[in-house]
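Student: Curious how this folds, go ahead:
(chains A and B)
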There are 2 protein chains.
Amino acid sequence: MNKIILIGAGNVATNVGLGLKQAGYEIVGCYSRSLESTHLLAKNLNCILVNDLKQLPLHDLLLVSVPDAAIADVIAQLPKTSNIAYTSGTISLDELPKTHKIGVFYPLQTFTKNKQIELKSVPFFVESRDENLEKELLTLAKHIGLRAEITSSEQRKQLHIAAIFVNNFTNHLAYLAKQHLEKHQLCWENLLPLLAETFAKINNENPKEIQTGPARRNDLNVLEKHVSELSGNEKEIYKAITNSILQTYHA
Amino acid sequence: MNKIILIGAGNVATNVGLGLKQAGYEIVGCYSRSLESTHLLAKNLNCILVNDLKQLPLHDLLLVSVPDAAIADVIAQLPKTSNIAYTSGTISLDELPKTHKIGVFYPLQTFTKNKQIELKSVPFFVESRDENLEKELLTLAKHIGLRAEITSSEQRKQLHIAAIFVNNFTNHLAYLAKQHLEKHQLCWENLLPLLAETFAKINNENPKEIQTGPARRNDLNVLEKHVSELSGNEKEIYKAITNSILQTYHA
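Tutor: Residues are numbered from 1 along each chain as shown, chains lettered A, B, ... in the order given. Predicted coordinates for the structure are as follows:
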């Protein structure tokens, strides 16, 4: 499984494509609906820009990294004889055409286009109904990633939910904190050392054991004061997480 | 303001005491209700163990780092002629005896007893009704910390709320994610690379601009599926933060 064609030219395709190339795989071509992105990626990977999904260069694997809503449509256009893998955390194999040889090749990471992520630090989750394809994807993932395991679509969904808590929700809390400070003429940079230490502790210790703060201390007086300072979504989130902490430690 | 006595021997007292000593200040003594903690701290700081708040060695500053609920009581026992500062983010100057010369010396960081934090990376917030004391605390904080500014009790409360979002709540989200993975026989270590990248991005970019995920994409189909997988506090938190993201980007 050496010759790979990328379908899609977004953050995931770009990062995985560069990682595959650096690991010695041959990216023979790339295709996406956005001509501009495809041009850029083809240039970066020094590969052919594919114009037509019906005229693909010789390949061992078609790696599909397009938005979730487009995956089924894109796969339906691909040759039934090709090995196909897609990189989504949410789309289940059951949702895709059974006519094709399809596998999951899911890197659990958040990718940004203009910042290359070391794939060597990324865990991969693979799955396929085709035993050979599953085995080949597992080998590929083990070669380029931190580790790789076979994971069912059901487990992948649960991984994705946990990833949303750690990434999407944490990022939104940071946004709310920044907004809150700015509303009170305070500077976001003041929180960055605390943010760094928070992550260092979560990374090295058990989050349950290192919880601190008024809810952990069952300091209802402070909690009540804070709730009265907040409104709207900030207030709802403060209350929901505080209730959860109180129930975790003081139920 | 060179000779300092620490009142309290918890995480904050230990870290600030060690930082002050390393910056060349003289810790002349320490006192706390817990004899074991005080012994350990006195040994670490090579200072006198104070047994009685009525018999304090010669000092320029009494630095009070005790639980919020005990601050007013402890301060009431201290000499009215002494310079006193306390390290809490939540207690307002108004809540404390006006009979004493009191200032705030608040390091915005999360401290762990067995892990020393570099005070040079910590921003300090100071306040006092006594102009001289305020000036001296500002100088002290600038000397040992990352930066220092005079901040009202009202602003300090808002800082503390923002800190709760970034530290306490982020840590609890990590706990929920870990629980969720374990419930589904998945390994928490799989999320650590994502956690590291999440932190790096929040630290370097504007959280509002780097938000990703199904709520950011307005992918109601995925959101609905996830909500149906969750229950209890996890579900309430998922819904509250998701609503907030939807309203931030799609209102």
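Student: Please make it C-alpha for all contacts and neighbour counts, starting now.
Tutor: OK.
Student: Okay, buried residues for stretch A:16-25 please.
Tutor: Buried residues in stretch A:16-25, counting neighbours by 16 or more other C-alpha atoms under 10 Å in any protein chain shown, are found at A:16-20, A:25.
Student: can you put those residues in a markdown table and add pLDDT?
Tutor: Shown next, in a markdown table, are the buried residues of stretch A:16-25 (pLDDT from 0 to 100):
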| residue | pLDDT |
| --- | --- |
| A:16 | 95 |
| A:17 | 95 |
| A:18 | 93 |
| A:19 | 94 |
| A:20 | 95 |
| A:25 | 96 |
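Student: So which of those belong to helices?
Tutor: A:16-20 (DSSP state H).
Student: what's in contact with the one helix or strand residue A:102 maps to?
Tutor: In this assignment (DSSP states H and E), residue A:102 forms part of strand A:101-107. Contact with strand A:101-107 is made by A:80-89, A:93, A:122-130, A:133-134, A:137, A:141, as judged by C-alpha atoms under 8 Å, 6 or more residues apart in numbering or on different chains.
Student: Heading C-terminal from that strand, find the next helix or strand.
Tutor: Next element after strand A:101-107 (DSSP H and E): strand A:123-128.
Student: now, among the ones in helices among the buried residues of stretch A:16-25, which is nearest to residue A:232?
Tutor: Of all those, residue A:232 sits closest to residue A:16, with 39.6 Å by C-alpha to C-alpha.
Student: separation between the closest one and residue A:102?
Tutor: 18 Å (C-alpha to C-alpha, to the nearest Å).
Student: try residue A:182
Tutor: Distance, residue A:182 to residue A:102, by C-alpha to C-alpha: 48 Å.
Student: Looking at the two, which is more packed in?
Tutor: residue A:102 (25 against 12; other C-alpha atoms under 10 Å in any protein chain shown).
Student: Pairing-wise in the sheet, spell out the partners of the more buried one.
Tutor: residue A:84 (DSSP bridges).
Student: what's the pLDDT at it?
Tutor: The per-residue pLDDT reported for residue A:102 equals 98.
Student: Now name the helix or strand holding the residue of chain A most remote from its centre.
Tutor: What lies farthest from the middle of chain A is residue A:221; by C-alpha atoms, centre = their mean that is 39.3 Å. Element membership of residue A:221, judged by DSSP H and E, is helix A:220-229.
Student: Can you get me the centre-to-centre distance for that helix and its chain?
Tutor: Taking C-alpha atoms, centre = their mean, to the nearest Å, the mean C-alpha location of helix A:220-229 is offset from the chain mean by 36 Å.
Student: quick revisit: just the buried residues from the contacts of strand A:101-107, in ChimeraX please.
Tutor: This is how ChimeraX selects the buried members of the contacts of strand A:101-107, with burial counted by 16+ other C-alpha under 10 Å:
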select /A:83,84,85,86,87,88,89,93,122,123,124,125,126,127,128,133,134,137,141
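Student: How about residues contacting the lengthiest helix in chain A?
Tutor: If you go by DSSP H, chain A has its longest helix at helix A:232-250. When contacts are defined by C-alpha under 8 Å, 6+ apart, helix A:232-250 is touched by residues A:176, A:215-216, A:218, A:227, B:165, B:169, B:172, B:233-234, B:236-237, B:240-241, B:243-244.
Student: between those residues, which is closest to residue A:154?
Tutor: residue B:234 (18.1 Å).
Student: Which residue, other than its chain neighbours, is closest to residue A:90?
Tutor: residue A:157 (5.7 Å; C-alpha to C-alpha, 6 or more residues apart in numbering or on different chains).
Student: should've said residue A:163
Tutor: Closest to residue A:163 by C-alpha to C-alpha, 6+ apart is residue B:191, at 6.8 Å.
Student: quick one: contacts for the one you found?
Tutor: Residue B:191 neighbours (C-alpha under 8 Å, 6+ apart): A:108, A:163, A:166.
Student: on that earlier part again, tilt between the longest helix of chain A and helix B:232-250?
Tutor: Angle of helix A:232-250 versus helix B:232-250, following axes from the mean of the first three to the mean of the last three C-alpha atoms, to 10 degrees, is 160 degrees.
Student: thinking again about what came up before, report the backbone C-alpha coordinates of the strand holding residue A:102 in PDB.
Tutor: Provided in PDB are the C-alpha atoms of strand A:101-107 (Å, rounded to 0.1, in the frame of the first residue of the first chain):
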ATOM      1  CA  LYS A 101     -14.200  -1.600  -0.200                       C
ATOM      2  CA  ILE A 102     -14.000   1.000   2.600                       C
ATOM      3  CA  GLY A 103     -12.000   1.400   5.800                       C
ATOM      4  CA  VAL A 104     -11.700   3.900   8.500                       C
ATOM      5  CA  PHE A 105      -8.400   5.700   9.100                       C
ATOM      6  CA  TYR A 106      -9.100   8.100  11.900                       C
ATOM      7  CA  PRO A 107      -6.300  10.300  13.400                       C
END
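Student: and it with strand A:123-128, angle?
Tutor: Using the same axes, to 10 degrees: strand A:101-107 against strand A:123-128 is 170 degrees.
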